[in-house]
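Colleague: have a look at this prediction, sequence included:
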Amino acid sequence: MTSRTRNLTLIIFTLIGLPLLCVGLWLQSFLTTPVIPSQPQTIEIKQGSSFARIAVQLQTAGVVSDVRRFTLLARWRKATAQVHAGEYLFETSATPDQVLARLVAGDIRKFQVTIPEGFNLQEIAGRLEKTGVGSAQEFLSLCKDEAFIKELGIEATSLEGYLFPETYTYTSSTTPRQLLSAMVEQLDSQITEELLESAAALKLDRHQLITLASIVQKEAGNLMEMPLISSVFHNRLKRGIPLQADPTVIYGVADFDGNLTRKHLNTPTPYNTYRMRGLPPGPIASPGGFALQATANPAEGKDLYFVSRGDGTHEFNATLKDHNRAVRRYQLRRR
């Protein structure tokens with residue numbers, strides 16, 4: 001190679017290679033330098049947002065340091081159209097590659113809400129309102145929407161009793177319909193064919209099973225007594241004796257103030273099981289899995305009565321005489 005050729009090669013390398021080297025170093029420093037937000041940053045990426053807009057959001061929040069280099073990285077990774085919409089939380093240091101990986105994976109922020117066993121629709125709606133997914137009124141309206149109820153495959157006038165008590169995960173994009181549908185699906189997973197067969201042997205259809213289970217749920221002070229309470233109610237139903245369940249009476253009283261009176265017990269309502277025989281027209285709350293199982297599989301026995309001992313447990317009796325004695329022992333002495 002002549003001296004002239006070597007010089008020409010050096011010039012070409014300098015003109016082409018050096019700029020490429022500089023660009024490489026420029027990108028390398030960006031890729032390997034983690035960024036630490038000054039404080040936890042919540043960023044909501046809306047559906048349909050362009051990648052340019054997303055990059056600006058991230059830079060404004062202090063999650064990435066350079067819009068141009070972050071966009072080049074995304075193009076290189078062929079990820080500009082793969083970002084998932086949703087709410088993201090950035091609170092620790094991360095390299096641009098790590099930030100992009102989270103966006104592509106859809107590592108959006110998730111929340112949880114717990115619905116306790118025995119909650120009724122009003123209580124559930126109040127709890128769900130706190131999630132920010134929708135207002136209590138919006139949830140209640142959906143729970144009584146005939147078209148929505150039919151869409152869920154439920155033959156009832158409301159979703160009372162059909163929203164299974166459990167802990168649910170949701171995101172900022174979750175809708176009230178999606179959350180309620182998930183709760184109904186969870187109930188469906190609990191009511192197996194085996195459970196329905198056991199209920200049918202006791203002359204209960206699916207709606208009646210949920211209805212009686214809701215009463216068992218509200219009456220029980222602890223899980224172990226649920227089969228015993230279920231047995232009492234089944235024995236009463238077989239004999240045509242009113243269930244006389246206080247929680248059903250309370251459910252039928254508008255604006256109940258916490259004080260169950262004799263007037264309440266004597267006032268006819270569709271849910272006053274002191275004044276009527278058989279089951280009320282529908283559930284009074286959401287029963288848990290154990291209540292459903294206990295209702296379809298009651299304990300064996302002839303008990304027709306139970307009274308609270310005041311410690312979360314009950315005394316069970318087969319005769320009115322023994323029951324009245326228990327009432328005097330546990331109830332009247334506390335007055």
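Modeller: Structure received. Numbers count the residues shown, from 1 in each chain.

Colleague: got any ranges where this protein has weak pLDDT?
Modeller: 1-30, 332-335 (pLDDT under 70).

Colleague: give the burial count for the nearest residue to residue 154 once chain neighbours are set aside, as a bare number.
Modeller: Counting by Cβ to Cβ, 6 or more residues apart in numbering, residue 162 is the residue found nearest to residue 154 once chain neighbours are left out, at 5.7 Å. Every residue, glycine included, has its C-beta placed from N, CA and C. By the measure other Cβ atoms under 10 Å, the count of residues near residue 162 is 24.

Colleague: mind listing the strands for the protein?
Modeller: For the chain, the strands defined by DSSP state E cover 41-45, 86-90, 111-114, 167-170, 305-308, 314-317.

Colleague: now those strands as CSV including mean neighbour count?
Modeller: Converted to CSV, the strands of the chain look like this (neighbours: other Cβ atoms under 10 Å):
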stretch, mean neighbour count
strand 41-45, 15
strand 86-90, 19
strand 111-114, 12
strand 167-170, 14
strand 305-308, 19
strand 314-317, 20
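
Colleague: any chance of these in a markdown table, plus distance to residue 274?
Modeller: A markdown table is the format used below for those (distance: least, Cβ to Cβ, whole Å):
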| stretch | distance to residue 274 |
| --- | --- |
| strand 41-45 | 53 |
| strand 86-90 | 50 |
| strand 111-114 | 33 |
| strand 167-170 | 36 |
| strand 305-308 | 14 |
| strand 314-317 | 18 |
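
Colleague: now for those strands, which one comes closest to residue 54?
Modeller: strand 41-45 (5.7 Å; Cβ to Cβ).

Colleague: give me the angle between the closest one and strand 86-90.
Modeller: Orientation check (axes from the mean of the first three to the mean of the last three Cα atoms, to 10 degrees): strand 41-45 against strand 86-90 gives 160 degrees.

Colleague: strand 41-45 pairs with which strands, parallel or anti?
Modeller: Note on strand 41-45: by DSSP bridges, its sheet partners are strand 86-90 (antiparallel).

Colleague: what's next to the partner strand, contact-wise?
Modeller: 37, 40-45, 61, 63, 99, 102-103, 106-109, 171-173 (Cβ atoms under 8 Å, 6 or more residues apart in numbering).

Colleague: can you flag the buried ones in these?
Modeller: 41, 43, 45, 61, 63, 99, 102, 103, 108, 172 (16 or more other Cβ atoms under 10 Å).

Colleague: the fourth one against residue 40, yeah?
Modeller: No. The pair residue 61 / residue 40 is not scored as a contact, 10.0 Å apart, by Cβ atoms under 8 Å.

Colleague: quick one on the thing from earlier: out of the contacts of strand 86-90, which are inside helices?
Modeller: Members of the contacts of strand 86-90 lying in helices (criterion: DSSP state H): 99, 102, 103.

Colleague: now the first one: how far from residue 172?
Modeller: According to Cβ to Cβ, to the nearest Å, residue 99 stands 19 Å off from residue 172.

Colleague: pop the domain breakdown of the chain in here.
Modeller: Following automatic domain parsing, one finds the domains of the chain at 33-109, 111-190, 196-301.

Colleague: deepest-packed of these, please.
Modeller: domain 196-301 (a mean of 18; mean count of other Cβ atoms under 10 Å).

Colleague: off-centre distance for that domain?
Modeller: Distance of domain 196-301 from the chain centroid (Cα atoms, centre = their mean, to the nearest Å) equals 25 Å.

Colleague: what about that domain, start to end distance?
Modeller: Using Cα to Cα, to the nearest Å, one end of domain 196-301 lies 22 Å from the other.

Colleague: residue nearest the centroid of this protein?
Modeller: residue 168 (2.9 Å; Cα atoms, centre = their mean).

Colleague: that one pairs with what?
Modeller: Beta bridges link residue 168 to residue 113 when assigned by DSSP bridges.

Colleague: can you tell me how far it is from residue 42?
Modeller: Residue 168 sits 21 Å away from residue 42, going by Cβ to Cβ.

Colleague: nearest spatial neighbour of residue 184, chain-adjacent residues omitted?
Modeller: In space, and not counting its chain neighbours, residue 184 is closest to residue 152: 5.0 Å by Cβ to Cβ, 6+ apart.

Colleague: how much space between the one you found and residue 163?
Modeller: Distance, residue 152 to residue 163, by Cβ to Cβ: 10 Å.
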